[in-house]
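# build me a model from this:
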Amino acid sequence: MKKHLLPVLALVLAAPCLQAQSPRFGVALNLAFPTGEFRNKTYPANADITVPQQEGYDVGLGGQFTISFPLDPGIAMRLNFSGQSINGTNTAPPYEKINLQHTIFSVGGEFQFFLNGNAWRHRGTYLLLGPSADFERFDRSRYDDVDTNPEYTERKSRLGGTIGIGHSFGIEAARFNLEVAFHKTLSGNDMAKGEPPSSDFVKVSLGWVF
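Just a heads-up that it's a prediction; the model follows:
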């Protein structure tokens, strides 16, 4: 296992020690909006492809399951298990279009800072910040159905970071929860070494906290 993932997994493994703090469980549907070079990047012409290549990803869909452990009235530690899939294209006319698919499964450990001191009830507005272990897969294919006909697959395990803001509201038994967060790849993104670009995106989540 790569060394940069060890701190994230250590944070995850520490969570059972906090079970006495009445954890709050959450589920949500996510929309992912790629940013930066993950949204659109131009590759220069080379010996194999003699024209510039335009590569980018569209809006992705996914979900998450979270467990939030209150540490005091204003702070909670949250485990976040999330996954999503994003499709894209690589075009370089007159060459054939290449269809892309990026899938990611993340195990995150995030701190939540509740602005109104309601971590125990998971209510109100909060800020979130933390690292994640990201397990990614990049598929490429000339076929439309990349899922079943991938012609090239690359897998990467990388360190990610997330920062964002959320708000919980509604009845005590099952609160609605809305989050907007930015995810950035922090390692394994050196394109000079042939590594894929950062998987950077804005994630909008809507779900429930129980």
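# could you list the low-pLDDT ranges of the protein?
Low-confidence segments of the chain (pLDDT under 70): 1-21.
# at 50 what do you get?
Low-confidence regions of the chain, defined by pLDDT under 50, span residues 1, 20.
# ranges for the helices of this protein?
For the chain, applying DSSP state H gives helices covering 6-13, 36-39.
# quick one, what contacts the most centrally placed residue in the chain?
Most central in the chain under Cα atoms, centre = their mean is residue 183, positioned 5.7 Å from the mean C-alpha point. The neighbours of residue 183, taking Cβ atoms under 8 Å, 6 or more residues apart in numbering as the test, are 106, 132, 160, 161, 162, 199, 200, 201, 202, 203. All C-beta spots, glycine's among them, are computed from the backbone N, C-alpha and C.
# what about the third one, neighbour count?
Counted with other Cβ atoms under 10 Å, the neighbours of residue 160 add up to 24.
# again with the fifth one
Residue neighbour count, defined by other Cβ under 10 Å, stands at 21 for residue 162.
# likewise the first one?
Other residues near residue 106 come to 23 when the count uses other Cβ under 10 Å.
# over to the second one?
Burial of residue 132 is recorded as 27 neighbouring residues (other Cβ under 10 Å).
# from residue 110, how far out is it?
Relative to residue 110, residue 132 is positioned 8 Å away (Cβ to Cβ, to the nearest Å).
# hey, what's in contact with both of the two?
80, 162.
# for stretch 35-53, how far is the first residue from the last?
With Cα to Cα, to the nearest Å as the measure, stretch 35-53 spans 18 Å from end to end.
# was I right about residue 115 contacting residue 165?
No - counting by Cβ atoms under 8 Å, residue 115 does not reach residue 165; the two are 9.3 Å apart.
# of these two, which one has the most company?
More crowded of residue 115 and residue 165, by other Cβ under 10 Å: residue 165, with 15 against 12.
# I'd say that one and residue 126 touch.
Yes - assessed by Cβ under 8 Å, residue 165 is found in contact with residue 126 at 7.2 Å.
# ok, the nearest residue to residue 185 once chain neighbours are set aside to residue 183 distance?
Among residues not flanking residue 185 along the chain, residue 198 sits closest, at 3.7 Å (Cβ to Cβ, 6 or more residues apart in numbering). Distance, residue 198 to residue 183, using Cβ to Cβ: 9 Å.
# how about residue 175?
Separation of residue 175 from residue 183 (Cβ to Cβ): 23 Å.
# ok, back up a step: for the residue nearest to the centre of the chain, list each beta-bridge partner.
For residue 183, the beta-bridge partners are residue 162, residue 201 (DSSP bridges).
# with residue 168 instead?
residue 124, residue 177.
# okay, now it: neighbour count?
Neighbours of residue 168 using other Cβ under 10 Å come to 24.
# ok, residue 151 next?
For residue 151, the count of nearby residues is 12 (other Cβ under 10 Å).
# can we start the residue count at 798 from this point?
Got it, the first residue is 798 from now on, which makes the last one we talked about residue 948.
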